[in-house]
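Participant: okay, sequence plus prediction incoming.
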Amino acid sequence: MKKLFFCTLLFLYTLHAHSQLTCNGYWGPYLVNQTFGQGNATANWYGPLATFAPGASTSTVFVGAAGPPGATLADDQSGLVKNTSAPGTGQGGNWVNATDHTGDPNGLMLLVNAPSTAATVFFEYTMNDLCPNTTLRLGVWVMNVNSSLVATSTCGANTQYPNLTLRVVDPVTNAVLALANTGNVPIDTSWHQFFVTFSNGTNTSVKLQVVNNSVGSGCGNDLALDDITVQACIPVSQVLPKLDTLTCSNTTLDFVANVINSPYIPAEYQWQYSTDGGLTWQNQGLPSTSPNYAFTTTGLPLGEYLIRYITGSVGTTGNINCISISDTSRVLVDSIPVIEMFETICSGQSLDFFGRTLTTSGIYDTIIPSTGMRCDSIFRMELVVVPTPQQIMMPDSLIACQYDSVPLQSNTLPPNNNYTYQWTPSTNLNADTDPNVWFYADASRRYVLRVTNTVNNIPCSLTDTVDVIVNPGDFLEVAKNDFAICPGDSVQLLASGADAYLWTPGRGLSDPAIGNPVAKPEVTTSYQLIGTSAKGCTDTQIVNIAVHPAAVLALPESVNLYPGEVYYLQPGTNAIFFNWFPNSGINDVAISNPRFNPIVDTRYFVTAKTDFGCEVTDSFDVWVKETVLDMPNAFNPNYEDYKVSIRGLATLESFEIYNRWGQKIFETKDIRQGWNGTFSGTPQPTGVYVYQIKATTSEGKPFKQSGNVTLLR
């Protein structure tokens, strides 16, 4: 039975396959395009099937959005997926990794682990709203999702290849309208499109059945279906004559419909024209069985008209699925065509306009006669003549000194506020797009000024040049820029490189108009030297002369010293270096405040210098006096002892104190010891006492004196 059934099926395939229709025109747009829908970036399985593919059904177990139970798509199961190796197929390396046939990563397909029983209809899809008595082509995309591993290892010689029959049947009677066999779908990771061509007769709906032909071990036979399409065979429809023409108002053009191998018997024609480039179409009258159409321009607005017709069987031209749309003819309706032309030229140029020489701005019309049934043409030229700058007034050359700022000035005639300016090169210019610029003189250079009047993107220009000759400005040299002197000193200034010199300020200079004056400023001064070259250029140098403070030393004219005394000098000075002479009777000859104790009258000389080297010399006298002794005539023991007053050195022979009664109450031979106003530890009363003293000075002179002293309390 299996063998007989197979042979019968094969016979039917052969019969229907060889009896498929041919299209004598071209396959039109899709009447049906079932893509199985669109997925998203997150889900792997989708359902139900009716939601994503209305009209489709399957005899296999459709797993839906939950995916296969047990995470394996088993035999006789199917599902909607974005990828043939979606998680849950459970097939590992036995199935390829592929998207739908368009390559869309979110496009859906029907993935089928097909049954292994022959003649099983495992998928059906019903298509409605078809036009009866139409030659149709049904297409379906199929992929063998098995990988090469199935054929070489997993199944080997037992591998089943998907082998399908595409069968078109009457959805009511199930009468077979057409069928075609795919043969073994190869293992090649590619999508394959299979077609079946048929006539639907009086049916407006048909059903596609996908039948399994593969039987065997059940190892393999796994496939994916995508994009089921239906196209009608449409005859080639032409508008004759095929025109792209200009016509005048109040004329008529005759057209005829030419349909090659028309299947529409009897046919009708609906003529249309479009005034918006084909976006919308206006029916011209009612559909007619006559192929002829007269396009009359009388009363029509001027403009472009596209002309076409729709043809189909009588009574069907209103059904988009049942018609053929012709090509178009283009007709431009105009009273007299005006061809607008625009040109811009510079003054002094001319334009040839159909034999006329134009030199001034204006609008010019020329009528060009047409031939045959055509309107004459008006060629309208709008000419703009741009005034070109006529003269640039500026010097041919300038002479400048290096480092000077030199104005480059121009005046363009005739004046025009629309001029643009360009200086070339722009080196050392403060701007390069102004008519008047400043040049910072660095080196000799030629500058080109281009003055342009631009209208309608047409530049009309005039150029002129100016040569700037730059004489050197860095020629003045001085031997030394910085000096330091003391008050009253002078320095020799030395400058060279210029023809004339001028020092400012002139104060303290022997001559401010020479290059080598002698400078003797009283205070720190910065001298600016301006040198002028033979070319009249000037250069400047600065010479700084620092006048440091004069050395100051304040000494006494003289001092008196007595034998045994030392003089401590504390001079007022800003000097830090000293040299005293002579070196006798002085403790240090190199300091500002030495101690003096000469034994004879001495004049000391000193030279003092500041840290800047400013020097002063001075001297003072030290007079050595003889020892002087004296006795006070009163004292207060609460504050001092009563003793000899001495300047110098002396030896005391005796010093005695007597009270009014002649009683000796104090005596000593120590010149440094005095009476404290007591006798035998008892304070003596206020009153007058008598003293006697005998001493000899260091010079050997005796000193003897007696007298009264008053004790005060």
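Facilitator: Perfect, I can see it now. Everything quoted here is computed from the prediction, not taken from an experiment.
Participant: so for stretch 58-73, what gets flagged as buried?
Facilitator: Residues of stretch 58-73 classed as buried by neighbour count (16 or more other CB atoms under 10 Å): 58, 60-63, 67-68, 73. C-beta here means a position set from N, CA and C on the backbone, and glycine is covered the same way.
Participant: which one of those is nearest to Leu110?
Facilitator: Thr58 (7.4 Å; CB to CB).
Participant: correct me if wrong: that closest one contacts Asn113.
Facilitator: No. Using CB atoms under 8 Å, Thr58 is not in contact with Asn113; the gap is 11.5 Å.
Participant: what residues are shared contacts of those two?
Facilitator: Ser78 (CB atoms under 8 Å, 6 or more residues apart in numbering).
Participant: and the buried residues of stretch 58-73, which two are the farthest apart?
Facilitator: The span of those, defined through CB to CB, is set by Thr58 and Gly67 at 15.9 Å.
Participant: wait, which of the buried residues of stretch 58-73 is closest to Met394?
Facilitator: Closest approach between those and Met394, by CB to CB: Gly67, at 87.3 Å.
Participant: so what's the closest one up against?
Facilitator: 44-45, 79, 86-88.
Participant: in JSON lines, list the buried residues of stretch 58-73 along with secondary structure.
Facilitator: Compiled in JSON lines, the buried residues of stretch 58-73 are given as follows (DSSP: H, G, I helix; E, B strand; the rest coil):
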{"residue": "Thr58", "secondary structure": "strand"}
{"residue": "Thr60", "secondary structure": "coil"}
{"residue": "Val61", "secondary structure": "strand"}
{"residue": "Phe62", "secondary structure": "strand"}
{"residue": "Val63", "secondary structure": "coil"}
{"residue": "Gly67", "secondary structure": "coil"}
{"residue": "Pro68", "secondary structure": "coil"}
{"residue": "Leu73", "secondary structure": "coil"}
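Participant: so Tyr689 is in which element?
Facilitator: Here Tyr689, judged by DSSP states H and E, is contained in strand 687-697.
Participant: beyond that strand, next helix or strand please.
Facilitator: Next element after strand 687-697 (DSSP H and E): strand 702-711.
Participant: torsion angles phi and psi at the closest residue to Asp404 other than its chain neighbours?
Facilitator: Take Asp404 and drop its neighbours on the chain: the residue closest to it by CB to CB, 6 or more residues apart in numbering is Ala441, 4.8 Å away. Dihedral pair for Ala441: phi -60, psi 120, per degrees, to the nearest 10.
Participant: for Asp100, grab the count of nearby residues.
Facilitator: The local packing of Asp100 (other CB atoms under 10 Å) involves 26 other residues.
Participant: nearest residue to it other than its sequence neighbours?
Facilitator: Gly107 (3.7 Å).
Participant: who is the one you found paired with across the strands?
Facilitator: Counting by DSSP bridges, Gly107 is bridged to Gln38.
Participant: quick one: contacts for it?
Facilitator: 35-36, 38-39, 82, 99-100, 226.
Participant: only whichever of those are buried, select them in ChimeraX.
Facilitator: Burial among those is assessed by 16+ other CB under 10 Å; the matching ChimeraX selection reads:
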select :35,36,39,82,99,100,226
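Participant: any idea which of the contacts of Gly107 is closest to Leu246?
Facilitator: For those, the nearest to Leu246 is Thr35 (45.5 Å; CB to CB).
Participant: per-residue confidence for the closest one?
Facilitator: pLDDT for Thr35: 95.
Participant: which one is it nearest to, not counting chain neighbours?
Facilitator: Going by CB to CB, 6+ apart, Thr35 has Asp227 as its nearest residue, at 5.3 Å.
Participant: next: Asp499.
Facilitator: Nearest non-adjacent residue to Asp499 (CB to CB, 6+ apart): Ala534, at 5.0 Å.
Participant: also Thr89?
Facilitator: Leu73 (4.8 Å).
Participant: Val81 reaches Tyr46, doesn't it?
Facilitator: Yes. At 7.4 Å, Val81 and Tyr46 qualify as touching, with contact defined as CB under 8 Å.
Participant: just the buried positions in the helix or strand that contains Val331, please.
Facilitator: Val331 belongs to strand 329-333 when assigned by DSSP H and E. Buried residues in strand 329-333, defined by neighbour count with 16+ other CB under 10 Å: 329, 331, 333.
Participant: got it, and stretch 299-319?
Facilitator: 305-313, 316-317.
Participant: quickly list the domain ranges of this structure.
Facilitator: Domain ranges of the chain: 2-234, 237-333, 338-386, 391-471, 477-547, 553-624, 628-711, per automatic domain parsing.
Participant: how near is the residue nearest to Thr89 to Ala513?
Facilitator: 112 Å (CB to CB, to the nearest Å).
Participant: which parts of the stretch 51-200 of the chain are helices?
Facilitator: Ranges of helices in the stretch 51-200 of the chain, per DSSP state H, counting those that start in this stretch, are 148-149.
Participant: and if you look at the chain?
Facilitator: Here the chain has its helices, by DSSP state H, at 2-18, 49-52, 148-149.
Participant: which ones are touching Pro549?
Facilitator: With CB under 8 Å, 6+ apart, Pro549 has these contacts: 487, 574, 610, 612, 614.
Participant: from the residues you listed, which is closest to Pro683?
Facilitator: Distance to Pro683 across the contacts of Pro549 (CB to CB) is lowest for Asn574, with 55.7 Å.
Participant: I'd like the distance between the residue nearest to that closest one when sequence neighbours are not counted and Asn708.
Facilitator: Ranked by CB to CB, 6+ apart and with sequence neighbours excluded, the top spatial neighbour of Asn574 is Val552, at 4.9 Å. To Asn708, Val552 is 52 Å away according to CB to CB.
Participant: extract the CA atoms of stretch 95-106 and return them as CSV.
Facilitator: Extracted in CSV, the C-alpha atoms of stretch 95-106 (Å, rounded to 0.1, in the frame of the first residue of the first chain):
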residue,chain,number,x,y,z
TRP,A,95,20.5,22.5,13.4
VAL,A,96,21.9,25.6,11.7
ASN,A,97,21.8,29.1,13.1
ALA,A,98,19.8,31.2,10.7
THR,A,99,17.4,34.1,10.6
ASP,A,100,14.4,34.5,8.3
HIS,A,101,15.0,34.6,4.6
THR,A,102,15.3,38.5,4.6
GLY,A,103,18.0,38.5,7.2
ASP,A,104,15.8,40.5,9.6
PRO,A,105,17.0,39.5,13.2
ASN,A,106,13.5,39.9,14.5
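Participant: contacting residues around it?
Facilitator: Here stretch 95-106 has contacts from 35-36, 38-41, 82-85, 89, 107-109, 141, 143, 145-147, 189, 191, 193, 222, 224, 226-227, using CB under 8 Å, 6+ apart.
Participant: can you give me the buried ones in stretch 450-461?
Facilitator: Applying 16+ other CB under 10 Å to stretch 450-461 flags 450-453, 455, 460 as buried.
Participant: ok, the closest residue to Ala590 other than its chain neighbours - contacts?
Facilitator: The shortest distance from Ala590 to any non-neighbouring residue, by CB to CB, 6+ apart, is to Phe578 (5.7 Å). Residues in contact with Phe578 (CB under 8 Å, 6+ apart) are 589-592, 606-609.
Participant: pick the one among those closest to Thr247.
Facilitator: Lys609 (118.7 Å).
Participant: now do the same contact list for that closest one.
Facilitator: Counted by CB under 8 Å, 6+ apart, Lys609 has contacts 551, 575-578, 615-616.
Participant: who wins on neighbours among those?
Facilitator: Ala551 (23 neighbours).
Participant: please tell me how far the residue nearest to Asn574 sits from Ile576.
Facilitator: From Val552 to Ile576 the distance is 12 Å (CB to CB).
Participant: wait, what's in contact with the nearest residue to Asp464 once chain neighbours are set aside?
Facilitator: Distance criterion CB to CB, 6+ apart; nearest residue to Asp464, sequence neighbours excluded, is Ile392 at 3.9 Å. The neighbours of Ile392, taking CB under 8 Å, 6+ apart as the test, are 410-412, 449, 451, 462-464.
Participant: quick revisit: just the buried residues of the strand holding Tyr689, please?
Facilitator: By neighbour count on 16+ other CB under 10 Å, the buried set for strand 687-697 is 689, 691-697.
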